[in-house]
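# Structure for this input, please:
(chains A and B)
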Amino acid sequence: AQSVAQPEDQVNVAEGNPLTVKCTYSVSGNPYLFWYVQYPNRGLQFLLKYITGDNLVKGSYGFEAEFNKSQTSFHLKKPSALVSDSALYFCAVRDRSGYALNFGKGTSLLVTP
Amino acid sequence: NAGVTQTPKFQVLKTGQSMTLQCAQDMNHNSMYWYRQDPGMGLRLIYYSASEGTTDKGEVPNGYNVSRLNKREFSLRLESAAPSQTSVYFCASRISGSSADTQYFGPGTRLTVL
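This is a model prediction of the structure:
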């Protein structure tokens, strides 16, 4: 089955420092990978996706993600964290049917002033 | 353009009661989805509708039924609610032109079953 894993339940970063939220994947065939963010008491918002092509994908709010085939990873990054980036981040992969997404368990990001 | 809307936002039920969660999208998307979110478990797919007139089970369909009323609306019904169905429910939609299409989510319904 197509799956993703987020090894960290929580990531703490000081404002202004770079942040990384980790995601590894396990798929057969080419992976279609996504990152979503969830702010408190809100729905999920799309950040970025990797389909094919350039391994560095740029998304919303200054986020980017690096696709690494040899390490089967798709880590989310931002050069300089903001307190407002504090939220729950989900990595997801398109399932074999091609219709639904399989989500990781989520990583809570806390950016402190 | 409201995107994906869900009603109600909050609901409290007693064990054994029934209710229907409503979802509508105004983006002319073909595919629609129902997920549930539980702490530490991410989002799990309950049912989806790849196109109008079709529905399929996801990872956790037991205790739920769905209806794709038309292209815009996809409802989720709990016939006899159980405490294990306490969760936050999200509806999503996707244009479904290819596997690369993005899913867009509604704001969620927070359901408590006592």
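
# Sketch out the low-pLDDT regions of the chain for me.
Answering for chain A, as no chain was given. Applying pLDDT under 70 to chain A flags no residue at all.

# Hmm, no, I was thinking of chain B.
Using pLDDT under 70, chain B drops low at B:97-100.

# Please enumerate the strands of it.
For chain B, the strands defined by DSSP state E occupy B:4-7, B:10-13, B:19-25, B:31-37, B:43-49, B:56-57, B:64-68, B:74-78, B:87-94, B:104-105, B:109-113.

# Please work out which of the ones you listed is packed deepest.
Of these, the one with the most neighbours on average (mean count of other CB atoms under 10 Å in any protein chain shown) is strand B:31-37, at a mean of 26. C-beta here means a position set from N, CA and C on the backbone, and glycine is covered the same way.

# Now do it against strand B:109-113, angle only.
50 degrees (axes from the mean of the first three to the mean of the last three CA atoms, to 10 degrees).

# What pairs with strand B:31-37, parallel or antiparallel?
strand B:43-49 (antiparallel), strand B:87-94 (antiparallel) (DSSP bridges).

# Send me the shortest one as CSV with only the CA atoms.
Taking only C-alpha atoms (Å, rounded to 0.1, in the frame of the first residue of the first chain), the coordinates of strand B:43-49 have been written out as CSV:
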residue,chain,number,x,y,z
LEU,B,43,-6.9,11.5,8.6
ARG,B,44,-8.6,8.3,7.6
LEU,B,45,-10.8,7.9,4.6
ILE,B,46,-14.4,6.8,5.3
TYR,B,47,-16.0,6.9,1.8
TYR,B,48,-15.4,8.6,-1.5
SER,B,49,-17.2,9.3,-4.6
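
# what's the angle from that strand to strand B:64-68?
Using the same axes, to 10 degrees: strand B:43-49 against strand B:64-68 is 50 degrees.

# what's the angle between strand B:43-49 and strand B:74-78?
Comparing the axes of strand B:43-49 and strand B:74-78 via the same axes, to 10 degrees yields an angle of 120 degrees.

# Strand B:43-49: how far from the chain's middle?
How far strand B:43-49 lies from its chain's middle: 7 Å, per CA atoms, centre = their mean, to the nearest Å.

# Show residues contacting that strand.
Under the criterion CB atoms under 8 Å, 6 or more residues apart in numbering or on different chains, residues A:44, A:90, A:99-103, B:31-38, B:55-61, B:64, B:66, B:68, B:74, B:76, B:89-90 lie in contact with strand B:43-49.

# swap in the longest one?
Among residues not part of strand B:87-94, those counted as contacts by CB under 8 Å, 6+ apart are A:43-44, A:99, B:4, B:6, B:21, B:23, B:25, B:27, B:29-38, B:43, B:46, B:74, B:76, B:101-106, B:108-111.

# between it and strand B:19-25, how big is the angle?
Comparing the axes of strand B:87-94 and strand B:19-25 via the same axes, to 10 degrees yields an angle of 30 degrees.

# Can I get strand B:87-94 as PDB, trimmed to CA atoms?
The C-alpha coordinates for strand B:87-94 follow below in PDB (Å, rounded to 0.1, in the frame of the first residue of the first chain):
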ATOM      1  CA  SER B  87     -14.200  12.700  15.800                       C
ATOM      2  CA  VAL B  88     -13.700  15.600  13.500                       C
ATOM      3  CA  TYR B  89     -15.100  14.900  10.100                       C
ATOM      4  CA  PHE B  90     -13.800  16.600   6.900                       C
ATOM      5  CA  CYS B  91     -15.200  16.600   3.500                       C
ATOM      6  CA  ALA B  92     -12.900  17.200   0.500                       C
ATOM      7  CA  SER B  93     -13.300  17.500  -3.200                       C
ATOM      8  CA  ARG B  94     -11.000  17.200  -6.300                       C
END
